[in-house]
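Undergrad: Fold the following.
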Amino acid sequence: MRRVLIHLIATGALCATTAVGAQGLGDRFKQFVGGMDGSSNNSAATQLPESDVVSGLKGALADGASTAVTQLGQTDGFWGNQARRIALPGWMGKASGMLRGAGYGDQMDGLQLSMNRAAEQATAEAGPIVRETINNMSVADAYKILQGSDTAATDYLRDHSGDELAAKFEPIIKRTTAESTAVSRYESLTSQAKPMLKFVPGINLDLNDYVTQQALDGLFTVIGQQETRIRQNPAATGSAIVKKVFSTVSN
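TA: The predicted structure is shown next:
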């Protein structure tokens, strides 16, 4: 039975390997800052201090990040959201039909649930790192973000906090998944199959690393969605400074 299972896993792994930016935002930004270098008489530009620009951008990013952490960092934040639910590792997903046929369906379901619960617990701890990264944003960073895409602030946040968040997430995920018998069985199976799976390119057999990366992808995807929404309708935030900054560059 063990040899059959390892064959199924390896077959699934091989199958697995064969298997908007804001419109004109850059131009509007040039108009916005034009009054500063004499190329435009745009009164809004000349009257908006750089401190307001920084405050507005930080406020928008903080709002989006807070919403994302709150939404995903609770029970069913990942598991109860079909768009964000973390799937089984690719090779296992491709082999799921064969594995379920071999009687491993319950273990696979338990494994997926454990992965998503671990991501939820880790994401709940993201707040302090995210806030520190936002607070450290410079004036130069703010103006660069302002002329960027609909997710420029999110991209900045991932670039400057992604590694630290991954280091924070992984031990939480490891601790949470360690409590699941389904995960221990997964690790036993991959250990048995590793001699064959290691020859298949692109396969990540480290479950904790896989869940960590999926959790980060989910977190920054939701932050990006929030940023896009704020840019498109800054008045809806209820923040005067956010509305002031983004309304100026979106007109």
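Undergrad: What are the buried residues along stretch 225-232?
TA: Buried positions in stretch 225-232, judged by neighbour count with 16 or more other Cβ atoms under 10 Å: 225-231. Just so you know, the C-beta spots here come from the backbone N, C-alpha and C atoms, and that holds for glycine as well.
Undergrad: Quick check: what element follows the strand or helix carrying residue 183 along the chain?
TA: In the assignment (DSSP states H and E), residue 183 maps to helix 181-197. Where DSSP H and E defines the elements, the next helix or strand beyond helix 181-197 is helix 207-232.
Undergrad: if you average pLDDT over that next one, what comes out?
TA: For helix 207-232, mean pLDDT is 92.
Undergrad: and if you look at stretch 188-195?
TA: Computed over stretch 188-195, the average pLDDT equals 69.
Undergrad: Can you list the low-confidence ranges for the stretch 51-200 of the chain?
TA: Scanning the stretch 51-200 of the chain with the threshold set as pLDDT under 70 gives 192-200.
Undergrad: Quick one: the strands in it, in order.
TA: Counting by DSSP state E, counting those that start in this stretch, the stretch 51-200 of the chain has no strands to list.
Undergrad: residue ranges of the helices in it, please?
TA: According to DSSP state H, counting those that start in this stretch, the stretch 51-200 of the chain carries its helices in the segments 90-94, 96-101, 105-123, 127-135, 139-146, 152-178, 181-197.
Undergrad: Residue 115 touches residue 209, doesn't it?
TA: No. Residue 115 lies out of contact with residue 209 (Cβ atoms under 8 Å); the separation is 11.8 Å.
Undergrad: Look at these two and report which has more neighbours.
TA: Using other Cβ atoms under 10 Å, the more surrounded residue of residue 115 and residue 209 is residue 115, with 30 against 15.
Undergrad: Residue 57 versus that one, what's the distance?
TA: According to Cβ to Cβ, to the nearest Å, residue 115 and residue 57 sit 34 Å apart.
Undergrad: likewise residue 75?
TA: Taking Cβ to Cβ, one finds residue 75 at 32 Å from residue 57.
Undergrad: That's all I had, so thanks and see you.
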